[in-house]
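>>> Predicted model and sequence below, questions to follow.
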Amino acid sequence: MNALSAIRAIAFDLDGTLVDSVPDLAVACDGALRQLGHPGCSEAQVRNWVGNGARVLMRRALASVGIDADEAQSDQALAAFQHHYRQHLSGGSRLYPGVSDTLACLARRGYRMALITNKPMEFVPDLLKALEIDGYFDLCLGGDSLAERKPSPLPLNHVLGLWQLAPEQMLMVGDSRNDIQAAAAAGIASVGLSYGYNYGEDIRDSGPTLALDHFETLLAHLPALNQEENTEHE
Ligand SMILES: O=C(O)COP(=O)(O)O
Ligand SMILES: [Mg+2]
């Protein structure tokens, strides 16, 4: 039997799963470091620092210039990052191949969809709008929306409770060990995508229910839930 046959709802990660956002994150991180009087950073470095939200991103950036940031330094670096990211939110960010069509198809097939990202929530609506995928998600949670973020299961449990779903009815789709660990802790299945940002590690090492190399391959594992879509292509 298909391991995902009971799935009715899907929670998607954002950075590294739906969108290659590192070009803009890197501009903002580089700008923040320089504003604070440090040498800048490269896109390749930022690719390995993404995953635990903007504050941790800037802590890793400061560590790269030899600073073990205290709370005040982290606050200052976060504010500088936010300032720069507001101005470079989407210009260099691109959806990965097949994302838009696949989301549209999953919506037609009757899946309920949520977005669960560690990105600060203030940036999420505008980025989704710029990428023209803002219409697909019934619920969006950012890294600062609840008391805990991924790898905590709290955001997933929040959606399960809100939508009155059993764990086997929900799927987490992400690119990072934080997504896979959050899913495992919530007792739900996960798909790990291999092309995103995972600290330079293979997503298969985190033990997702399923590992995929291309976003659109999801469609082969998630059949239509509704009669119309089942008969549409007969
Ligand atoms: O902003 C981050 O650090 C990661 O964001 P994500 O959870 O959408 O991958
Ligand atoms: Mg991600």
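Received, thanks. Ligands and ions are numbered 1, 2, ... in the order given.

>>> drop to CA atoms for contacts and neighbour counts, all remaining ones
Noted.

>>> what about residue 30, which helix or strand?
Using DSSP states H and E, the element containing residue 30 is helix 22-35.

>>> do whatever helix or strand comes next after that helix and ligand 1 meet?
Sequence order places helix 43-49 as the next helix or strand after helix 22-35, per DSSP H and E. No: using CA under 6 Å from any ligand atom, we find that helix 43-49 stays clear of ligand 1, coming within 7.6 Å at best.

>>> Identify the residues contacting helix 43-49?
By CA atoms under 8 Å, 6 or more residues apart in numbering, the surrounding residues in contact with helix 43-49 are 22-23, 25-27, 29, 57, 60-61, 197-200.

>>> go again using 7 Å as the cut-off
Here helix 43-49 makes contact (CA atoms under 7 Å, 6 or more residues apart in numbering) with 22-23, 26, 57, 60, 197-200.

>>> rewinding a little: quick check: buried residues in the helix holding residue 30?
Using 16 or more other CA atoms under 10 Å as the test for burial, helix 22-35 gives 22-33.

>>> which bits of the protein sit near ligand 1?
Proximity of the chain to ligand 1 (CA under 6 Å from any ligand atom) is limited to residues 13-16, 50-54, 117-119.

>>> Name only those of these that count as buried.
Neighbour counting with 16+ other CA under 10 Å marks 13-16, 50-54, 117-119 as buried within those.

>>> So which of those residues reach ligand 2?
For ligand 2, the contacts drawn from those by CA under 5 Å from the ion are 15-16.

>>> In TSV: the buried ones among the residues of the chain next to ligand 1, plus secondary structure.
Formatted as TSV, those follow (DSSP: H, G, I helix; E, B strand; the rest coil):
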residue	secondary structure
13	coil
14	coil
15	strand
16	coil
50	coil
51	coil
52	coil
53	coil
54	helix
117	coil
118	coil
119	coil
